[in-house]
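1. need a structure here:
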Amino acid sequence: MLEYCQRILAKVSFDRHLFAKELAKSIQRLGPSDVSRLRQWCMDQFGQRYQDIILHAFPSSLAV
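-> Residues are numbered from 1 along each chain as shown. Coordinates of the predicted model:
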């Protein structure tokens, strides 16, 4: 499921609104360990562009 969410996020990364929407859905679908991995992947892949969305979407307990 993590890989599926990553593919979807990569495909919608051209649009801020779609990215935020799909990121929220991905967080709901995944278990806690995968959410942590997804957060790191998002920061690595899209941190330059969507850092504000990423930081807002993930629970503060996952802050690095």
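2. now Q51: how far from A57?
-> 11 Å (Cβ to Cβ, to the nearest Å). Yep, even glycine has a C-beta here, placed from its N, CA and C like the rest.
3. hmm, I was thinking of P32
-> As judged by Cβ to Cβ, P32 and A57 stand 15 Å apart.
4. So these two - more neighbours on which side?
-> A count of neighbours by other Cβ atoms under 10 Å puts A57 above the other of P32 and A57, at 18 against 10.
5. Is the closest residue to the more buried one other than its chain neighbours in a helix, a strand, or coil?
-> For A57, ignoring the flanking residues on the chain, the nearest one in space by Cβ to Cβ, 6 or more residues apart in numbering is L23 at 4.9 Å. The assignment at L23 comes out as helix when based on DSSP: H, G, I helix; E, B strand; the rest coil.
6. can you pull the contacts of L23?
-> By Cβ atoms under 8 Å, 6 or more residues apart in numbering, the contact set of L23 is L9, C42, I53, I54, A57.
7. do R49 as well
-> The contact partners of R49, by Cβ under 8 Å, 6+ apart, come to S13.
8. 10 Å - rerun?
-> For R49, the contacting residues are S13, R16, F19, by Cβ atoms under 10 Å, 6 or more residues apart in numbering.
9. For G31, see how far away it is.
-> In terms of Cβ to Cβ, R49 sits 26 Å off from G31.
10. What of R37?
-> Counting by Cβ to Cβ, the gap from R37 to G31 is 10 Å.
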